[in-house]
Each structure stands twice: as C-alpha cells, then as structure tokens.
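Enquirer: Please work out how this folds:
(chains A, B, C and D)
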There are 2 protein chains.
Amino acid sequence: MESRCENCIIRQFNSLRAMSKEELKTVSDSKTTKTIKKGQPLFEEGDKLNGVYCVRNGVSKLSKLSANGKDQIVKLATKGEVLGQRSVIAEESTNLSAVAVSDMEVCFIPKESITHTLQRNPNFTLEVLRHMAHDLKEADDVIVNISQKTVKQRVAEAFLYLRNNFGEDKDGFLALTLSREDISNVVGTATESAIRIISEFKKKGLIRTSGKKIGIKDERKLIEMVEGF
Amino acid sequence: MESRCENCIIRQFNSLRAMSKEELKTVSDSKTTKTIKKGQPLFEEGDKLNGVYCVRNGVSKLSKLSANGKDQIVKLATKGEVLGQRSVIAEESTNLSAVAVSDMEVCFIPKESITHTLQRNPNFTLEVLRHMAHDLKEADDVIVNISQKTVKQRVAEAFLYLRNNFGEDKDGFLALTLSREDISNVVGTATESAIRIISEFKKKGLIRTSGKKIGIKDERKLIEMVEGF
DNA sequence: ATAAAAACATGATATTTATCAGTTCATGGG
DNA sequence: CCCATGAACTGATAAATATCATGTTTTTAT
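Expert: Numbering: from 1, shown residues only, chains lettered A, B, ... in the order given. Next up is the predicted model:
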C-alpha cells in the first residue's frame, strides 16, 4: 500500500516537484509513511528533526509556546505542505511544535535525501527558496494583522481564511473544525474572548454554529469587518 | 571611490560570500552605490524591485502599512543585510517599505546578477535559503511576542534588542536612536502608549534618557520584565 | 450507561490599551 | 535669533481585552 513518490500527486503542490526522477527514487526508498491521530504531535518545539514531513492528508497546527503558557498558532499546514524544512536547512532544532488537528497521513523523509538534493540540484533549492519566501511574506502579514487589527477583526479574518483554505463540508460548515481554544490560539487572544465574539457574530447573523462547527452566513459583512467598518 | 565587491568586507555577513570570484565580478560591474539620507525611502510597499540592496552602512526600517494607517515595523536591517531578496526571488512586488532611519550607504545590485547565480550556484542558493530560514524563524518569534506579551514587555524587549543588535555610543546610550513613533511602530502600539511606558521606565530607574536618546540603566530588571515578573 | 473530565459559555470585574485634547519642548529655515 | 512646525509629553476618558468565577453542555473512558 506504500505508494511511490514518483506517482504521488501531492508532490505537485510542493518543492519536491523540482526533484529529478533519480532523486525522487532515493526519497521514495527512504521515506516512511505514518498515520497521526488527531491531537497527536508530529514533533515538539526544541526537537532535533531527522527529516521532514510531507503532508498527504489532514491538517497540522504549527505553534509556539509563550512564556505565559499559551500556545500561539503560527500556521495551519495541509495536504502538500512540507513541515520541518526550516529546521533541517538551518541545522537547528525546530522552533515550532506540530500537532495534528485532524487525522493525518504523512510521509517522513530523512534529511539526508533532502540535504543531498539541496547541494546538487539548484532547481530544487530555488523551489524551496520560493516557498520559504512565500511563507515569510505571510508571516509579515500575520504580524501586521495581529498588531494592528482588533480581536474581532482577527476572528472574522480567521473564519474567512479557514473557508478559503480548507473549504466547506456538504452542509456549508467550515470543513476544518477547530476547538474554541485553537481558534483563540490562531487569533492570539484569550479563549473566553474568542467564544464571546463567536456568540456575538452568531447573534448578528454573520455565522451559524452547530456544536463546534461554524458556518459562514454573511461573508460580505465579515469582509467589511476585517477591512474596518 | 567605488570599491569592488570582491574586496568588500560587508559581504562576509551575507549570502554573497557564497558567490564565486567570477560571479562577484559580474555583480561588482553591474552594481551602483547610493547614499540615502535619513528619512528617505529605498523602496515602497508595492514597488516592483529591479534588484536588491546590500547595506554597507546605516540602518533601514522595513515596514508595512496597515488598513488604519499605522506602519508596523517588521524588521530593522543594518550593515551586511540584503534587502529586497524576497521580492526578487518570488518575482512579486515587495510587501514592505524600506526607509532609512539613519544616513545609509547601500549597493544596488540588479536582479539579473542575482537570479543568474541563483539558477547556477547551488551553494549561493542554499546560503540565501539559510538566511531566509533564519528570517522566518525570527518572524515567528515576533508573532508570538506581539500576541502574547504586554506592551510594556515588548517595549522592554525592544530596548534590549536595540542594544544587542546596534550597540551603545560612547555615553552609553543606544547607538540607534529611533523616534518615539518608530519605537511604537516596532512594538505595535499607539505612540502615546509607548511614550507613557518610556516615562514609567525612566521613573523606575530602568532607563535614562537625553532628548530622543535612551540608555539602559537596569538590564536585569528589563530582562525580568520581558520574562514576565 | 454513567461518571469524570474537558470544552463551551456567560456574567462580573479588573486591567490594559487607545483615543482625544491639550501643553511643552526642540529644532531647522528664514 | 526667532518663530513655526512637528515631536514629545501628560491627563482624562473611553474602549478593548483579560481574568476570575461559575454553570452548562459535550466528550471520553470505563
């Protein structure tokens, strides 16, 4: 059942597509596939990573623990994304924890395959570089958002982000269901504040809920809120 | 007076050190040196950059304008750092503005020299990649700091950061003098709030001031404050 | 199926931070 | 040198957000 990287469609979404047939074979021979249950960690802040994780299915939160004990979620990684690259490239222990927020299937690729290719295949390196440039740009945006927008605006933005990146289920709820705590950790606020704002949005008819699930009802108003009206 | 990149010491601090003699020659022949007065822009958010800027002297703030009209400073770049890489690599317009916060001397390197080398010299690409990995890690830290620390803690941290990265002048004041507004834009707060906190720190004997200049008096207490006591 | 634990929710309150309004200070151009 | 202008500063107040307390619902494990 272990499929070959050469045939993996996921690869189209990440830097691995810049690898040669040869290189992909090596990767494929050395990789191992793992199943991670929701709530389980892929790795923890401070770990030395021996390789990278290529996400085949499911979603992982990348977070960092702050001094006051709260987690800040820095990124949500899904199908096609490669985790742990930064640590492997910089040869440092990782600065983020990765925990599954839904059941996941990932391929673990030992770092040797990666570093070997990085040193020889400029196309691959450039492709990785492009991805990282993109991540950095996104990180800049997050910084500006967190520091200049109100919590309400950030919650609204988070919902729009979740829909744009993970879509909706057949009933129109956000396909990725996060706990209230995770939502507050994405937004960077206290859990109670996030809950309050969710209630408020519901009252105002901007969203609807069913248990943990959240559905967007009035996209326009949410967008206006993010923009600041 | 225009010196050659091959002999430039600055190069030791950035990815250009991974370039071959040949490549450096090309860069050196195509580069132009510019003087930027304090307050003048190197480039503005949204500009399409035709090259990168290698900082020989002085400091530039990299900032992004938010919807409400406030600037958020994302990074302070000094001697040895290369600006605009991300934009050139991703072939997108830049997402940040760069403005001199002190008089600067920079070398402008047309993008062709860079992209050409990126495609051929894996060592160079890898070196750039390592730098970007580092920047990304720093950006993650900024996100966590902004969202989990109080304004007071962030101001304290900013002063320590300024000393660690830019040093002190002969009188023991921070060598890089920022306006109160710039400080508030680094920290991500209202200018009045930053000023109030500076006054408070002064009263408590943590810092001393002379005009715009700020000197650290009690490093230990500042560190404790950042850590959260 | 049920008890225990965890997540969700809401009110009351405290704290932090922003905003508005105004005064003082410093500095560079005429 | 002086005045005009913008930066620095301060107070009063409003708004946003966090914290604490507590009850309710949902999940989980046995």
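
Enquirer: the strands in chain A, which residues?
Expert: With strands called from DSSP state E, chain A shows them at A:32-36, A:41-43, A:51-57, A:60-65, A:71-77, A:82-83, A:97-100, A:104-110, A:207-210, A:213-216.

Enquirer: got any ranges where chain A has weak pLDDT?
Expert: Scanning chain A for pLDDT under 70 picks out A:1-2.

Enquirer: Go again with 80.
Expert: A:1-3, A:11-13, A:67, A:229 (pLDDT under 80).

Enquirer: In it, which helix is the longest?
Expert: helix A:122-148 (DSSP state H).

Enquirer: Now the strands of chain A in TSV, please, with extra columns for mean neighbour count.
Expert: From N, CA and C alone the C-beta is placed, and that goes for glycine too. Output for the strands of chain A, formatted as TSV (neighbours: other C-beta atoms under 10 Å in any protein chain shown):
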stretch	mean neighbour count
strand A:32-36	14
strand A:41-43	19
strand A:51-57	22
strand A:60-65	22
strand A:71-77	22
strand A:82-83	22
strand A:97-100	22
strand A:104-110	21
strand A:207-210	15
strand A:213-216	19
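
Enquirer: can you list those in JSON lines and add distance to chain B?
Expert: Listed next are the strands of chain A as JSON lines, based on distance: least, C-beta to the nearest C-beta, whole Å:
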{"stretch": "strand A:32-36", "distance to chain B": "22"}
{"stretch": "strand A:41-43", "distance to chain B": "15"}
{"stretch": "strand A:51-57", "distance to chain B": "13"}
{"stretch": "strand A:60-65", "distance to chain B": "5"}
{"stretch": "strand A:71-77", "distance to chain B": "5"}
{"stretch": "strand A:82-83", "distance to chain B": "13"}
{"stretch": "strand A:97-100", "distance to chain B": "11"}
{"stretch": "strand A:104-110", "distance to chain B": "17"}
{"stretch": "strand A:207-210", "distance to chain B": "22"}
{"stretch": "strand A:213-216", "distance to chain B": "21"}
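
Enquirer: TSV please, covering those and showing distance to residue B:194.
Expert: Shown next, in TSV, are those (distance: least, C-beta to C-beta, whole Å):
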stretch	distance to residue B:194
strand A:32-36	44
strand A:41-43	37
strand A:51-57	41
strand A:60-65	25
strand A:71-77	23
strand A:82-83	37
strand A:97-100	32
strand A:104-110	43
strand A:207-210	36
strand A:213-216	36
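
Enquirer: To residue B:105, which of those strands lies closest?
Expert: strand A:71-77 (35.4 Å; C-beta to C-beta).

Enquirer: Can I get the strands of chain A in CSV including distance to DNA strand D?
Expert: Listed next are the strands of chain A as CSV, based on distance: least, C-beta to the nearest atom of the strand, whole Å:
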stretch, distance to DNA strand D
strand A:32-36, 15
strand A:41-43, 15
strand A:51-57, 19
strand A:60-65, 15
strand A:71-77, 11
strand A:82-83, 24
strand A:97-100, 13
strand A:104-110, 16
strand A:207-210, 9
strand A:213-216, 9
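
Enquirer: Which of those sits closest to residue B:114?
Expert: Closest among the strands of chain A, using C-beta to C-beta: strand A:82-83, at 24.6 Å.

Enquirer: Partner strands of the closest one and their direction?
Expert: strand A:51-57 (antiparallel) (DSSP bridges).

Enquirer: gap between residue A:9 and chain B?
Expert: Here the criterion is C-beta to the nearest C-beta, to the nearest Å. By it, residue A:9 lies 24 Å from chain B.

Enquirer: Stretch A:162-178 vs DNA strand C: in contact?
Expert: No: on the criterion C-beta under 7 Å from any atom of the strand, stretch A:162-178 is out of touch with DNA strand C, staying 7.7 Å away.

Enquirer: Output that stretch as CSV, nothing but the C-alphas.
Expert: Output of stretch A:162-178 as CSV, limited to C-alpha atoms (Å, rounded to 0.1, in the frame of the first residue of the first chain):
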residue,chain,number,x,y,z
LEU,A,162,-10.4,28.8,7.1
ARG,A,163,-13.0,28.7,4.4
ASN,A,164,-10.7,29.9,1.7
ASN,A,165,-8.0,27.3,2.6
PHE,A,166,-9.9,24.3,3.8
GLY,A,167,-13.3,24.8,2.2
GLU,A,168,-16.8,23.8,3.5
ASP,A,169,-18.5,20.5,4.1
LYS,A,170,-21.7,19.4,2.3
ASP,A,171,-23.8,21.3,4.9
GLY,A,172,-21.9,24.5,4.4
PHE,A,173,-19.9,24.4,7.6
LEU,A,174,-16.2,25.1,7.6
ALA,A,175,-14.5,21.8,6.7
LEU,A,176,-11.8,22.3,9.2
THR,A,177,-13.3,22.2,12.7
LEU,A,178,-11.1,23.8,15.4
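
Enquirer: close enough to count as contact, residue A:27 and residue A:17?
Expert: No: at 12.0 Å, residue A:27 does not count as touching residue A:17 under the criterion of C-beta atoms under 8 Å.

Enquirer: These two: which has the busier surroundings?
Expert: residue A:27 (25 against 15; other C-beta atoms under 10 Å in any protein chain shown).

Enquirer: The closest residue to that one other than its chain neighbours: what's it in contact with?
Expert: Closest residue in space to residue A:27, ignoring its immediate chain neighbours: residue A:113 at 4.6 Å, by C-beta to C-beta, 6 or more residues apart in numbering or on different chains. Applying C-beta atoms under 8 Å, 6 or more residues apart in numbering or on different chains to residue A:113 gives the contacts A:23, A:26, A:27, A:30, A:31, A:51.

Enquirer: got it, and residue A:222?
Expert: By C-beta under 8 Å, 6+ apart, residue A:222 lies in contact with A:156, A:159, A:160, A:201, A:206, A:207, A:216.

Enquirer: is DNA strand D contacted by stretch A:221-229?
Expert: No: using C-beta under 7 Å from any atom of the strand, we find that stretch A:221-229 stays clear of DNA strand D, coming within 10.7 Å at best.

Enquirer: Beta-bridge partners for the spatially closest residue to residue A:35 that is not a sequence neighbour, please?
Expert: Nearest non-adjacent residue to residue A:35, counting by C-beta to C-beta, 6+ apart: residue A:105, 5.7 Å away. Note on residue A:105: beta-bridge partners residue A:35, residue A:57, judged by DSSP bridges.
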